[in-house]
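In: What follows is a predicted protein model with its sequence.
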Amino acid sequence: MITNISQFDNVDLGEYNSLFIGGGNTYKLLKYLKESKGYSKIKEYIENGGIVFGGSAGAIIFGKDIQTCNICSNDENLWPDLDTSGFDVMNGISLSCHYASKGKKEDHDISTEEYTKRGYKILNLTEEQSAFVIDEEVKTIDNNKESIKEK
């Protein structure tokens, strides 16, 4: 388990069957990954067929751009010069997690519309949904309905 970004310096991700990246402040996570060897190592791991799971911020970084994290959360970007482009494993789609949580569906819909007008393609995920990519195709699972939908 990597608990400090500097641990990427000496790790061979090829030795792992899969990776899980947890949540937190999405901007901070991406900043630390890009400033370390983490970003390039994870990118190479994915390109070599590695399996990656993410929760919240740890999922959002795999979209095209992480700024969509603000649709459903209040992540503060303390790094205005940060390149907010993510790993883009979802063919140009950016992720937003926690959609419609805490009774804020209407607010989240308004924010989604604003980002869409700015040219973002967005996949909003509720707490009960997961997204995955197989053969460059993005699919979602609604854990309440046990159904798979293609995006």
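Out: That came through, no problem.
In: which residues in the protein form helices?
Out: 26-35, 38-47, 57-60, 105-117 (DSSP state H).
In: Would you mind giving those helices as JSON lines with mean pLDDT added?
Out: JSON lines is the format used below for these (pLDDT from 0 to 100):
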{"stretch": "helix 26-35", "mean pLDDT": "96"}
{"stretch": "helix 38-47", "mean pLDDT": "96"}
{"stretch": "helix 57-60", "mean pLDDT": "97"}
{"stretch": "helix 105-117", "mean pLDDT": "96"}
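In: which one of those helices has the most crowded surroundings?
Out: Among those, helix 57-60 has the highest mean neighbour count (mean count of other Cβ atoms under 10 Å), at a mean of 24. Glycine gets a C-beta too; all of them are placed from N, C-alpha and C.
In: From Thr68, how far off is the residue most central in space within the chain?
Out: For the chain, the residue nearest the mean C-alpha position is Ile60 (1.7 Å; Cα atoms, centre = their mean). Between Ile60 and Thr68 the computed distance is 7 Å (Cβ to Cβ, to the nearest Å).
In: got it, and Gln7?
Out: 28 Å.
In: Comparing those two, which residue is more hemmed in?
Out: Thr68 (28 against 13; other Cβ atoms under 10 Å).
In: hang on, isn't that one packed against Ser94?
Out: Yes - contact criterion Cβ atoms under 8 Å: Thr68 and Ser94 qualify, at 4.2 Å.
In: Are there residues contacting both of those two? Which ones?
Out: Each of 60, 115, 120, 122 lies in contact with both Thr68 and Ser94 under the rule Cβ atoms under 8 Å, 6 or more residues apart in numbering.
In: give me every residue that touches Leu33.
Out: 5, 39, 42, 61.
In: on that earlier part again, check the contact between the residue nearest to the centre of the chain and Thr84; I expect there is one.
Out: No - using Cβ under 8 Å, Ile60 makes no contact with Thr84, being 10.3 Å away.
In: so what's Ser130 closest to, chain neighbours aside?
Out: Take Ser130 and drop its neighbours on the chain: the residue closest to it by Cβ to Cβ, 6 or more residues apart in numbering is Ile141, 4.8 Å away.
In: Ok, Leu78 next?
Out: Tyr27 (7.0 Å).
In: Before I go, just wanted to say thanks for your time.
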